[in-house]
Structure formats: C-alpha cells, structure tokens
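Novice: here is my input; please provide its structure:
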Amino acid sequence: MSFRTVNVGDQTSSPSSDLHDRRKRGKYDSEEFRRAQEVAHARLYPSIFASNFLVLRNRRVHMQQFFAGMKSAGKILDVGAQYCPYYPLFKDKCESYTSLDLVDTPIVDVVCDAEQMNLADNSFDLVLCTQVLEHVQNPGRVVDECHRVLKPGGMLIATAPSMYPQHGYPADNWRFMPDGFRYLLRAFSEVEVLGELDFAESLASANCFFGQVLTGRMGKLGRAMNPLWHLATNVCGMALSLALRPLSRSNFSSYTMNLWAQARK
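Specialist: Now for the predicted structure:
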C-alpha cells in the first residue's frame, strides 16, 4: 500500500511531504476549514425536517455527555474525519487533534487507509471512529489499528449502523448487532455498547428513511412531501419516546438505528 503522511504533533513525515505539511499548518484558519465546519454544524444540529434528524441529534447528545465530564481529552485521533464534525465539542479540551481520512482534503492531517494507519503505537488518549466501520472492507483491522495507536488506558468511541439504508462512501458493506460489535472490540479491557436511539426513535427514523422509497417514485410531489413526512415522524418519535420512557429502558440496543460503543484499552 502506498500513502502519504503529514507532520502532526509527535508524528513524523517524509521529506516529500514538506509542502503538504506547510499547507496543513494553517488548517484551522483556512477558508476550507470554515466551510467544513459549516457542513459539520448541519450534522451536529440537523433540521427536524431531515430524515436523519434523530440519528444525528442523538449522536451529538451522546458526544456532549461523554465530553461534559472531562477536564482534558488529551490527544485525539479522528478516524474518517472528513468534515471534522465533532471538533467543536472538544476543541477547548484536547491537547491536540489529528484528523485521518482516506481522501486528501485541505483539512485532513493524515491521509491513509484506516486498516493500516501510518501512526506510532500508543500515541493517542482518545480515538473517534464514527460511521466508518460499515464502509471498510475489514472492520476488524480498523478496530485493531485503533487499539494499537491508543495509549494504555485510552478510550475508543466507535459508532456504526445497526439498520440503515444503503449509503455508499466509498462503499457500504456492513451492518452491526450488539454482540458482533462487542466481538470486534474484544481486545479492549472494558467495552460498553449502547443503542444511540431507543425503540420509538428508531421506529420513527426508519419510517423517515424508508418512506422515501415511496416518495422517491412520486417525482416533484414526493420531494415536496418529504420535509413534512420527516417532520411528522420525527415529532411522533420523540413524543412516543418520552411517553414510553417510564415503562421501558431508556437504552434499547436490540432495535436501534445505530450503535454507540465505548471501549477502554
């Protein structure tokens, strides 16, 4: 495999990457990063008229709760960062932030395949791997690499779809169940797998996505109906979730759109 690395924190780079390094140094002040953060903001705070509103909203809430109790998150690696969507949630708490992606963009620090990261062992305190594992050919290799680059006692936050429409970038290969997700994380000393959405929210979210199978056949009328359909199902999902909360577990991983895992090395 051939790939290019850049200088990030304690990482080293080859002489051929010097120009690439200089381009990255002003990343956080660049126009490209500003535009990426605009896209990221839409993912952190999605419209209630969007089909993925509940999925993205709940992931942001999980992230906020995770970082809320931290004074310092240390050195963070974001695998499959693309737009660096969660950076605003921890930018004031991290010692350093390294974004990694297969595709080279002006805001990506390390360009390589996540199945073979060109990073040193025991380098990071926290690794984020959100919505990546379904797109790779060998998710086990990616998890093993995340484990390798983590410091002893470091934490991996990984999310992956349990049931979700096909969405290719660059391919869409896998869906995960709680037991399978725990098996992927078996090298870690502590593992917790949760459902990002509860039953009611997942049911509503599924209706949002799969309702588009019908509206997609209706041309302009279907496109006009989508926002209203999404609004109605999202509101119903949240209301039903609140109504059922006293009678059911707040976390229901057996029927959820997406899984959230915390794993300590």
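Novice: going forward, measure contacts and count neighbours with C-alpha atoms only.
Specialist: Will do.
Novice: if I pick the residue of the chain most remote from its centre, what's in contact with it?
Specialist: The outermost residue of the chain relative to its centre, with distances by C-alpha atoms, centre = their mean, is residue 221 at 32.7 Å. Contacts of residue 221 were listed using C-alpha atoms under 8 Å, 6 or more residues apart in numbering, and they are residue 215.
Novice: which of the helices or strands spans it?
Specialist: Assigned by DSSP states H and E, residue 221 falls within helix 219-244.
Novice: and if you look at residue 141?
Specialist: In this assignment (DSSP H and E), residue 141 forms part of helix 139-149.
Novice: I'd like the next helix or strand past that helix.
Specialist: Following helix 139-149 toward the C-terminus (DSSP H and E): strand 150-161.
Novice: could you give me the buried positions within that next one?
Specialist: Within strand 150-161, the residues that qualify as buried by neighbour count (16 or more other C-alpha atoms under 10 Å) are 150, 151, 152, 154, 155, 156, 157, 158, 159, 160, 161.
Novice: what average pLDDT does it get?
Specialist: Mean pLDDT, computed over strand 150-161, is 97.
Novice: tell me how far whatever helix or strand comes next after it lies from the chain's centre.
Specialist: Downstream of strand 150-161, the first helix or strand assigned by DSSP H and E is helix 178-184. Its chain's average C-alpha position is 17 Å from that of helix 178-184, according to C-alpha atoms, centre = their mean, to the nearest Å.
Novice: following element in sequence after helix 178-184, please.
Specialist: Later in the chain than helix 178-184, the nearest helix or strand by DSSP H and E is strand 190-195.
Novice: check which element follows the helix or strand of the chain with the lowest mean pLDDT along the chain.
Specialist: Taking mean pLDDT, DSSP states H and E as the measure, the chain has helix 18-25 as its least confident helix or strand, at a mean of 47. Downstream of helix 18-25, the first helix or strand assigned by DSSP H and E is helix 31-44.
Novice: list the contacts of that following helix.
Specialist: 27, 28, 56, 57, 60, 83, 84, 85, 86, 106, 107.
Novice: the helix or strand following that helix vs strand 190-195, what angle?
Specialist: Toward the C-terminus, helix 31-44 is succeeded by helix 53-68 as the next helix or strand (DSSP H and E). Helix 53-68 and strand 190-195 meet at an angle of 150 degrees, taking axes from the mean of the first three to the mean of the last three C-alpha atoms, to 10 degrees as the criterion.
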